[in-house]
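# What would the 3D arrangement of this be:
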Amino acid sequence: MYQNNRRSFHRGRGGNSNGRGGRPIKTVPKHVLLDTIARSKDAVADIQETVPVVITHATFAEFSLHPRLLAAVAAKGYVAPTPIQDQAIPVILAGHDLIGTANTGTGKTAAFLIPLLQKIINDHDQRVLIITPTRELAVQIHRECWDLARSFPVRSALLIGGSNEVRQQQDLRNDPHVVVATPGRLKDFVQAGYLSLSTFHTVVLDEADRMVDIGFIADIKYFISQLPNERQSLFFSATISGKVGEILDDFVKNPVRVSVVTKETAATIKQEVVQVPKTTPKVEVLHDLLIQKNFDKVLIFGRTKWGVQRLSDELEKRGFRSGAIHGNKSQNQRQRVLDQFVRNDLQILLATDVASRGLDIPDVSHVINYDLPETLEDYIHRIGRTGRANKQGVALTFVD
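Okay, the predicted model is just below:
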């Protein structure tokens, strides 16, 4: 347990809204979070059913992929299939509907992109729609699609808010094989007549539970109503319970269920509590941590967009190379900061929970929960930004 007893100065306090329409802030009860951290080796397993993982494909070549697609997979640094890739790729190639659950950082995006690109290579009339909750995740999926398909005449479109609508409309006029979209911008284009969902016979709902969490369940139901009856439907979600289950009956038909939730994520992440003394401002405790050795690439989560920006500005004043992403920044601003963090031009990235899922940033050494998350699931996804690809990471949670 980290502690800090140094004397310090006054800290300003943030507002009481989390940036989602002024809802009162809720956080996971402290005793629940502390108990989870105390049992850190079992934290992920407590939320999901753990199932044995048996790898049946030692290499990607065993999936009978196109040679140039195999070369692109190798160029991405993928050596052997991860468990979710091992199980999902043959199911998708066979044309079955799929419900997939897996820990964060397990290669889920490639698990559906690789077989879907193979389908497009085999049949250029294929059209694929991928719906995902956040702009950042949509950008990542689109980039990975581009990397894997660069040697093929595969057209794609990225439909997200905060970016040039005219450019996106032009991309749609080019009849893309793959459309990656967030729900809000997708609904705008569908209702404006720029896009007909009836043309998509393969559809992916990625991070479905997150879309439900942030209020898109009505939009998802609307999209499903616009899709053709004959289609391949792929459903990926960290959890399948409550309102998430409302989507399944109308979306998938006779699905194959693939679950490779294991303890790997928790096992690669050292989870600790940082006790903040009542007499010491939190920012001083944070400062003392960030100047320590091995805090090389740090992702800090805050509760509100105003608080995150304020903290980023304070850290910059103290000489740290930091940047922030949150809802008050344009998509171009957010993407520029993300790119700087990926390139190691920034040591510290501060974010609201808009970034707690989907971000695949290599070599994040530490995740710091400066403010407590709203739910235990949010906590799991926050800390999942470190300890990825079997590397070790550290997750620190501030507790007053």
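# okay, now residue 131: neighbour count?
When neighbours are counted by other Cβ atoms under 10 Å, residue 131 registers 23. From N, CA and C alone the C-beta is placed, and that goes for glycine too.
# So in terms of bridging, what pairs with it?
residue 181, residue 205 (DSSP bridges).
# Next up, the contacts around it.
If you count contacts by Cβ atoms under 8 Å, 6 or more residues apart in numbering, residue 131 has them with 181, 182, 183, 186, 203, 204, 205, 206, 211, 220, 223.
# of those residues, the lowest pLDDT goes to which?
Among these, residue 211 carries the lowest pLDDT, at 85.
# mind checking which helix or strand it is in?
According to DSSP states H and E, residue 211 maps onto helix 208-213.
# Pull out the buried residues from the helix or strand just after that helix.
Remark: after helix 208-213, the chain's next helix or strand is helix 217-226, criterion DSSP H and E. The neighbour-count check on helix 217-226 (16 or more other Cβ atoms under 10 Å) flags 217, 219, 220, 222, 223, 224 as buried.
# hang on, the earlier thing: next, give me the two most distant ones among the contacts of residue 131.
Put simply, by Cβ to Cβ the two of those set farthest apart are 182 and 203, 14.6 Å from each other.
# Residue 239 and residue 383: what is the separation?
With distances defined as Cβ to Cβ, to the nearest Å, the gap from residue 239 to residue 383 amounts to 16 Å.
# And for residue 222?
In this structure, residue 222 and residue 383 are separated by 33 Å, where distance is defined by Cβ to Cβ.
# Now do the helices in the stretch 151-300 of the chain.
In the stretch 151-300 of the chain, the segments counted as helices under DSSP state H, counting those that start in this stretch are 165-173, 183-191, 208-213, 217-226, 244-251, 264-267, 282-290.
# Among the buried residues of helix 217-226, which one sits closest to residue 85?
For those, the minimum distance to residue 85 (Cβ to Cβ) is 25.1 Å, reached by residue 220.
# How about the contacts made by the closest one?
Residues in contact with residue 220, defined by Cβ under 8 Å, 6+ apart, are 131, 183, 205, 208, 211, 212, 247.
# Kindly recompute the last result at 10 Å.
If a contact means Cβ atoms under 10 Å, 6 or more residues apart in numbering, then residue 220 has 131, 133, 183, 187, 205, 208, 211-212, 243-244, 246-247, 250-251 as its contacts.
# Tabulate those in a markdown table, adding columns for distance to residue 378.
As requested, the contacts of residue 220 are arranged in a markdown table below (distance: Cβ to Cβ, whole Å):
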| residue | distance to residue 378 |
| --- | --- |
| 131 | 21 |
| 133 | 13 |
| 183 | 19 |
| 187 | 25 |
| 205 | 19 |
| 208 | 15 |
| 211 | 14 |
| 212 | 13 |
| 243 | 16 |
| 244 | 15 |
| 246 | 21 |
| 247 | 20 |
| 250 | 27 |
| 251 | 24 |
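# Stretch 59-75: which residues count as buried?
Buried positions in stretch 59-75, judged by neighbour count with 16+ other Cβ under 10 Å: 60, 63, 65, 69, 70, 72, 73.
# which of the helices of the stretch 151-300 of the chain has the lowest average pLDDT?
Per-segment confidence across the helices of the stretch 151-300 of the chain bottoms out at helix 264-267, which has a mean of 54 in mean pLDDT.
# Residue 275 and residue 282 touch, don't they?
No. Distance between residue 275 and residue 282: 11.0 Å, which falls outside the contact criterion (Cβ atoms under 10 Å).
# Please say which of those two ends up with more neighbours.
For residue 275 versus residue 282, the count of surrounding residues by other Cβ under 10 Å is larger for residue 282: 18 against 14.
# Which residue is the nearest non-sequential neighbour of the more buried one?
Once flanking residues are discounted, residue 282 sits nearest to residue 276: 5.3 Å by Cβ to Cβ, 6 or more residues apart in numbering.
# quick revisit: what about residue 239 and residue 383, which has more around it?
Under the neighbour definition other Cβ under 10 Å, residue 239 and residue 383 were set side by side, and residue 383 has more, 32 against 18.
# any idea which of the buried residues of helix 217-226 is closest to residue 165?
The shortest gap between residue 165 and any of these belongs to residue 219, at 18.0 Å (Cβ to Cβ).
# Hmm, the closest one is touching residue 186, no?
Yes. The criterion here is Cβ under 10 Å, and residue 219 meets it with residue 186 at 7.9 Å.
# Give me the secondary structure label for residue 334.
For residue 334, the secondary structure call by DSSP: H, G, I helix; E, B strand; the rest coil comes out as helix.
# Show me where the chain has its strands.
Defined through DSSP state E, the strands belonging to the chain, from first to last, are 2-3, 98-101, 128-131, 156-159, 178-181, 202-205, 232-236, 256-259, 269-275, 298-301, 322-325, 348-351, 366-369, 393-399.
# looking at these, which has the lowest confidence?
For the strands of the chain, mean pLDDT drops lowest on strand 2-3, to a mean of 46.
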